[in-house]
Structure formats: C-alpha cells, structure tokens
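Student: Any chance you can model this:
(one chain, ligands or ions: 1)
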Amino acid sequence: MKLAGAGYMEIHKQGGGIHYTVNETRKCSEERLTKLLFNRLDQMLLQGTVVAEAKSGYGLDCETEMKMLRVIKKAKETHPMKIQSTYLCAHAVPPGADAAQMTKEIVEEHIPAVAKANLGVDNIDVFCEKGVYDAQQSKEMLLAGRAHGWAINFHAEELTYIKGAEMGAELDARAMSHLELVSDAAIQSMAAKKTAAVILPTTAYILKLVPPPVRQMIQNNVVVALCSDYNPNVPCFSMPFVMHLGCILCKMTMEEAFNAATINSAFSLGLTDSYGSITEGKVGSCLVLDAPSWKHIVYQLGNHQNVVKHVILEGRIHS
Ligand SMILES: N=CN[C@@H](CCC(=O)O)C(=O)O
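Tutor: Okay, here's the model as predicted:
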C-alpha cells in the first residue's frame, strides 16, 4: 500500500502498520522476540552503534507491553551494547477502544503494573498525534510515567501539528522525536528547556514527509540528535545512512551530523557522563575506519559496512 502511495495514517486506519505488528507481537514468544532483538542489536553494533534506545509499544495491552519490556531488560543486562529501555505505553488506540478510555486505563492500570514489575524502564513515550493520543491525553500519561522516575521522551508533531512539542517543553521533556511539524514557538521553548530534538530522517524519507526544520533548530540552539528509528516502517540499522540522510534531507553539515549521532544522542538519553565522546572517565568506545577521513562514514553511501572496519566497545573488538 505504501509503495502505491497510501499515507501512513490511511494504512494505520485499515489495520496495517502498527496494528499489524501488534498482532504479530502478541503471537510471538518471549524467546523468539529475544532472539530477534539480539540479532538486530548485533547488526547495529557492527555498523558502529554502541548505544541504543529500545522501545516497547507493539503490545498495547499491558501483558504484551511487559513481555517486550522483559525482552529489552534481558538485552540491557546481557548484550554488549548500552541499551536504554523506553516504555512506549500508548502507540495506538486498540481497535474497539477509544483514546480517552485507554488513557485512563494506561494511567491507572498499565503504568503502575509496569512500575511494580521492576522491568528496568528508563523512559516513558507516547505517540502524541491526531487520531492517536492528543496533547492532553499524552501529558497525563507522560506525567504518570515520570512519577515513577522515567524520563519523558516521546513522539511529537510527526504527521500533524497538535502542539505536542509545546506540551513537551512545558513538562521539561528530556527529548522529543520526529518534530517534522514543530512550531517556531516550540523550537524556542525546547532550546530554553534543553529538550533534545531526536531527528529521524529515515522516516521523513520513507513516508515522503517534509523533513523537520533542523537548520532552524540548530540556529536556535536546540540540541539535535540523530536516530535510526529502526521499526517495521523503517527497517534501518545503519547510523551512517542516517547521517547521510541528515545531511541531504535536513541540510546538516557533516560535522553537525557527527555531533548529532554521538554526543547529542547521548544527551537525548541523559548519558553524556559515560557516552558520546572519547573522554577520560567515559566508557571506552570507538570505531576503526578503513577510509581516508571520518567524513567517509557519511560520504560512502551504501558501503558503510566496509568503511566501519572494527567497533571497539569496553575494550572488546567487534568486527
Ligand atoms: N510513528 C510512530 N511510531 C513509529 C513507527 C511505528 C510503525 O509504523 O511500526 C516511529 O516512530 O516511526
């Protein structure tokens, strides 16, 4: 449908997209999900990623969300990469339910149950979007999550402008993702509140969206991070490709893309004390490149697996 020109929400409304993945995730065993996650993390690591944020969000019911979070917890504890766990408590409204009723259920039942289960959650996320959860409903769920110590890091202003980013800045969100339709006022507020803008150029590319106003964000001192947004809609493991798209679609310089994929990404997860730069006292991680300049990570389109020769993480070489 997508290739034939159907829009993201059109597919979603017909039961595809997130709903399709929810059905498959509910059927999938915890063991198989774990295998799939570890395999994908291995592939990301080989392409130079040493820190990843992994989200739930394809269960919608509390039981399946917890299954996803247990799988992420396993990766946090045993995969060589640094993993942060994000509880995406409201990614879609389940068929037959309505957003107001789901908001109440998530605040009163799902979030307390997840907190009680001690699943190693770091961040709380919602899909704040027209036809999904509005800014007020999103705010209620984000605040309920923050009450358990989870950082606010959520989807805002992707397909429609509903003042989600204004709301996020008001809550001192640590980060907001997408932001294709962010307003000038919200950019100012994000800069003042030091809320990171997590830019996902692969999504803008695949969904043929107008890319987010990254130049304006940078000019206004917003911390801009780049992220692969690996998900069933965007099956991209490669941060080099994301950096390339950041330069081409979002008009970033190579230096800006480099900072956005390293120190600013660490900032968006509250990890600058230990990741994001090669500095005494931080976790030792670096890439060995087979290229005349680091810029070839961005420049060599479609050949990054040969440019990134080795990934060194905590003293271990991953080739
Ligand atoms: N836009 C909402 N969530 C995901 C896509 C989820 C999906 O389509 O499976 C995103 O961040 O890109």
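
Student: Going by C-alpha atoms from here, please, whenever you check contacts or count neighbours.
Tutor: OK.

Student: Describe which strands the lengthiest strand in the chain pairs with in its sheet and in which direction.
Tutor: As assigned by DSSP state E, the longest strand anywhere in the chain is strand 82-90. Sheet pairing for strand 82-90, assigned by DSSP bridges, gives strand 51-55 (parallel), strand 123-128 (parallel).

Student: who wins for proximity to residue 212 among these?
Tutor: Closest to residue 212 of these is strand 123-128 (C-alpha to C-alpha; 16.3 Å).

Student: any idea where the strands of the stretch 201-319 of the chain begin and end?
Tutor: Along the stretch 201-319 of the chain, counting by DSSP state E, counting those that start in this stretch, strands occupy 224-226, 285-289, 308-313, 316-318.

Student: now those as a markdown table including mean pLDDT, mean neighbour count and distance to the ligand?
Tutor: Converted to a markdown table, the strands of the stretch 201-319 of the chain look like this (pLDDT from 0 to 100; neighbours: other C-alpha atoms under 10 Å; distance: least, C-alpha to the nearest ligand atom, whole Å):
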| stretch | mean pLDDT | mean neighbour count | distance to the ligand |
| --- | --- | --- | --- |
| strand 224-226 | 98 | 27 | 13 |
| strand 285-289 | 95 | 19 | 27 |
| strand 308-313 | 95 | 20 | 26 |
| strand 316-318 | 92 | 14 | 28 |
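
Student: Just put these in TSV and tack on distance to residue 137.
Tutor: TSV is the format used below for those (distance: least, C-alpha to C-alpha, whole Å):
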stretch	distance to residue 137
strand 224-226	26
strand 285-289	40
strand 308-313	40
strand 316-318	43
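
Student: Could you tell me which residues of the stretch 201-319 of the chain lie near the ligand?
Tutor: Contact residues, the stretch 201-319 of the chain versus the ligand (C-alpha under 6 Å from any ligand atom): 203, 229, 231, 232, 233.

Student: out of those residues, what pair is the most spread apart?
Tutor: Longest span within these, C-alpha to C-alpha: 203 and 232, 11.0 Å.

Student: of the two, who's got more company?
Tutor: Using other C-alpha atoms under 10 Å as the criterion, residue 203 and residue 232 rank with residue 203 on top: 23 against 11.

Student: surely the more buried one meets residue 229?
Tutor: Yes - using C-alpha atoms under 8 Å, residue 203 is in contact with residue 229, at 7.3 Å.

Student: Low-confidence bits of the protein, can you list those?
Tutor: Scanning the chain for pLDDT under 70 picks out nothing.

Student: still on that earlier bit, out of the strands paired with strand 82-90, which gets nearest to residue 266?
Tutor: Smallest distance to residue 266 across the strands paired with strand 82-90 (C-alpha to C-alpha): 8.0 Å, for strand 51-55.

Student: Please name the bridge partners of the residue in the stretch 51-200 of the chain positioned nearest to the ligand.
Tutor: Going by C-alpha to the nearest ligand atom, the ligand is nearest to residue 127 of the stretch 51-200 of the chain, at 6.1 Å. According to DSSP bridges, the residues that bridge with residue 127 are residue 155.

Student: Now for it, how many residues are close by?
Tutor: The burial count assigned to residue 127 is 25, neighbours taken as other C-alpha under 10 Å.

Student: Equivalent analysis for residue 235, please.
Tutor: Neighbours of residue 235 using other C-alpha under 10 Å come to 12.

Student: State the distance from it to residue 301.
Tutor: Going from residue 235 to residue 301 by C-alpha to C-alpha, to the nearest Å gives 17 Å.

Student: do residue 293 as well
Tutor: 14 Å.

Student: For those two, indicate the residue with more neighbours.
Tutor: Between residue 293 and residue 301, counted using other C-alpha under 10 Å, the more crowded position is residue 301 (12 against 9).

Student: Apart from its neighbours in sequence, what residue is nearest that one?
Tutor: Excluding its sequence neighbours, the residue lying closest to residue 301 (C-alpha to C-alpha, 6 or more residues apart in numbering) is residue 241, at 6.8 Å.

Student: Helices - which of the residues of the stretch 201-319 of the chain next to the ligand land there?
Tutor: The members of those that map onto helices under DSSP state H are residue 203.

Student: just curious, which of the residues of the stretch 201-319 of the chain next to the ligand is nearest to residue 284?
Tutor: Closest to residue 284, out of all of these and judged by C-alpha to C-alpha, is residue 229, at 24.7 Å.

Student: burial count for the residue nearest to that closest one when sequence neighbours are not counted?
Tutor: For residue 229, ignoring the flanking residues on the chain, the nearest one in space by C-alpha to C-alpha, 6+ apart is residue 200 at 6.0 Å. Other residues within reach of residue 200, judged by other C-alpha under 10 Å, total 26.
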